[in-house]
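Trainee: Below is the structure, and that's it, no one-letter string:
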Ligand code: HEM
């Protein structure tokens, strides 16, 4: 039997403030200090176990050891996730709900999302005033709102595009914010939930024609593990679990354009349009730049791992950003090197910007493949179909702000198709 040892523990009453100050680096900083991929700290007045690295990720995604019920902070539920969604489910209920999402991710449907992305980007470039610099982030949000609407079947008309692009992004921009920004995120969520509940009601009464293949129809008529239809609020929360993150891909699009600008030598290989080269580049964008800082779960029953005791109910955070930058897993993690993905073996627990493990039975992101398709198309568009200039601006980004985005939101100008 493995020897029991005591878990490294951060001294002091509470470290919530430091977590806010250190942002994406909070866990990795302490992991370096303790020389350990496991340690305990205090956050928001409760003991929290922090994990980082491949082996720790494998334990974190063991459904017999961890559960998601009551793990997400209330602030995140009110803005980012919504209440009653797939993120907080366990066991049969999670399996059933996750299947509802994964059944949308067929080869044909992913091809469609890629083609919709190409069209939306073309349209965005056509409508631009070519003389004025524009923010990639703003245009990407609108383009992705258009894609999300077409792909899910949730109707958003041209004149509503700006408003919905802003409201859907409020939801992922606001969970850690304080004051007005956080309140705006909550308000945008309740408005969007009401709007979609109304659409679900219409679909069920046959008053809104929608294709049977679309998520709006599929989710409206989905039956849970007991054979019951989901209540309309839950359907709205789950449809927003498609719309919101599809718009959030704009954050990666912003970083993608930054990477194209800052690493011209790495872009050369992408100019061939070779699918593998597109893939290596966007994988490195997803590894290198910050997005989702960590995933949260609670210990489901007492167990011992690597000699450390995990007590039932303890909140546990898996550092996603830190695992993608862990020096034990990535050579020179601070360098942007798409070619590192030529030899990556596809392990489910070392490259985890979208969480780790298996899609169907675990909580790994349902939209990871979709995100990859959107990013490959966007990369091809910006490198092989248009040319552009990047004027002088502050392209820095902070690892202390969650979510992080380049300060200038990446302004470009002189676009030529
Ligand atoms: C924008 C880039 C995205 C990032 C960085 C991202 C990241 C993540 C992460 C870290 C998780 C949680 C993993 C965990 O709890 O263990 C997650 C869950 C999820 N994501 Fe994404 N995601 C993205 C885009 C998408 C897209 C485009 C969709 C839908 C089309 C989507 C749908 C979901 C759903 C439904 C879950 C919950 C899965 C579950 O609990 O079983 N995400 N995502």
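Mentor: Sure, I can see it. Because the structure is a prediction, the values reported are computed rather than measured.

Trainee: in stretch 16-29, what's buried?
Mentor: When burial is assessed from 16 or more other C-beta atoms under 10 Å, stretch 16-29 yields the following buried residues: 19, 22-28. C-beta: built from backbone N, CA, C; applies to glycine.

Trainee: quick one: is it near the ligand?
Mentor: No - if you take C-beta under 6 Å from any ligand atom as the test, stretch 16-29 misses the ligand, and the best it gets is 12.6 Å.

Trainee: End to end on that stretch, go ahead and measure it.
Mentor: 15 Å (C-alpha to C-alpha, to the nearest Å).

Trainee: what does it contact?
Mentor: Residues from elsewhere that reach stretch 16-29 (C-beta atoms under 8 Å, 6 or more residues apart in numbering): 15, 43-44, 50, 52, 176, 290, 293-294, 317, 319, 321-322, 325-326, 398-402, 404.

Trainee: Residue 111: which of the buried residues of stretch 16-29 is nearest?
Mentor: Closest approach to residue 111 among those (C-beta to C-beta): residue 24, at 33.4 Å.

Trainee: Would you verify that that closest one is located in a helix?
Mentor: Yes - counting by DSSP: H, G, I helix; E, B strand; the rest coil, residue 24 is found in a helix.

Trainee: What degree of burial does the closest residue to the ligand within the stretch 101-250 of the chain show, as a neighbour count?
Mentor: Proximity of the stretch 101-250 of the chain to the ligand (C-beta to the nearest ligand atom) peaks at residue 245, 3.2 Å away. Around residue 245 there are 22 other residues, counting by other C-beta atoms under 10 Å.

Trainee: contacting residues around it?
Mentor: By C-beta under 8 Å, 6+ apart, residue 245 lies in contact with 172, 365, 367, 371.

Trainee: cool, residue 368 as well?
Mentor: Residue 368 sits next to 354, 359 when contact means C-beta under 8 Å, 6+ apart.

Trainee: For the ligand, tell me which of the contacts of residue 245 show up nearby.
Mentor: Answer for these near the ligand (C-beta under 6 Å from any ligand atom): 365, 367, 371.

Trainee: just to revisit the earlier point, counting only strands, which of the contacts of stretch 16-29 make the cut?
Mentor: 43, 50, 294, 317, 319 (DSSP state E).

Trainee: circling back: considering the buried residues of stretch 16-29, which is situated nearest to residue 110?
Mentor: residue 24 (28.9 Å).

Trainee: tell me the pLDDT at that closest one?
Mentor: pLDDT, residue 24: 97.

Trainee: And it, how far from residue 301?
Mentor: Applying C-beta to C-beta, to the nearest Å, the value for residue 24 to residue 301 is 31 Å.

Trainee: got the contact list for the residue in the chain that the ligand sits nearest to?
Mentor: Proximity of the chain to the ligand (C-beta to the nearest ligand atom) peaks at residue 367, 2.0 Å away. Contacts for residue 367 (C-beta under 8 Å, 6+ apart) come out as 105, 242, 245-246, 354.

Trainee: want to throw those residues into TSV with pLDDT and secondary structure?
Mentor: Converted to TSV, those look like this (pLDDT from 0 to 100; DSSP: H, G, I helix; E, B strand; the rest coil):
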residue	pLDDT	secondary structure
105	98	coil
242	98	helix
245	97	helix
246	98	helix
354	98	coil
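
Trainee: so which two of these are the farthest from each other?
Mentor: Taking C-beta to C-beta, the two most distant members of the contacts of residue 367 are 242 and 354; they sit 14.4 Å apart.

Trainee: Within reach of the ligand, which of the ones in strands among the contacts of stretch 16-29 are there?
Mentor: Among the ones in strands among the contacts of stretch 16-29, not one lies near the ligand by C-beta under 6 Å from any ligand atom.

Trainee: any chance of these in TSV, plus pLDDT and neighbour count?
Mentor: What follows is the ones in strands among the contacts of stretch 16-29, written out as TSV (pLDDT from 0 to 100; neighbours: other C-beta atoms under 10 Å):
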residue	pLDDT	neighbour count
43	96	19
50	98	29
294	96	22
317	98	23
319	98	28
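
Trainee: and which of the residues you listed is nearest to residue 347?
Mentor: Here the nearest of these to residue 347, counting by C-beta to C-beta, is residue 319; it sits at 16.7 Å.

Trainee: following the helix or strand containing residue 369, which helix or strand shows up next?
Mentor: If you go by DSSP states H and E, residue 369 is part of helix 368-380. Scanning forward in sequence from helix 368-380 by DSSP H and E, the next helix or strand is strand 387-389.

Trainee: Mean confidence (pLDDT) on that next one, please.
Mentor: Strand 387-389 shows a mean pLDDT of 94.

Trainee: what lines up beside that strand in the sheet?
Mentor: Paired with strand 387-389 in the same sheet, following DSSP bridges, are strand 411-416 (antiparallel).

Trainee: Mind listing what's buried along the strand it pairs with?
Mentor: For strand 411-416, the neighbour count (16+ other C-beta under 10 Å) marks 411-412, 415 as buried.

Trainee: Likewise for stretch 316-329?
Mentor: 316-326, 329.

Trainee: Likewise for stretch 255-262?
Mentor: 255-261.

Trainee: How far does the helix-or-strand element of the chain with minimal mean pLDDT sit from its chain's centre?
Mentor: None of the helices or strands of the chain scores lower by mean pLDDT, DSSP states H and E than helix 74-76, at a mean of 86. Its chain's C-alpha centre and that of helix 74-76 lie 16 Å apart, by C-alpha atoms, centre = their mean, to the nearest Å.

Trainee: Use 59 as the first number from now on
Mentor: Sure, I'll start numbering at 59, so the last one becomes helix 132-134.

Trainee: and that helix, what does it pack onto?
Mentor: If you count contacts as 3 or more C-beta pairs under 8 Å, 6 or more residues apart in numbering; DSSP states H and E, helix 132-134 packs onto no helix or strand.
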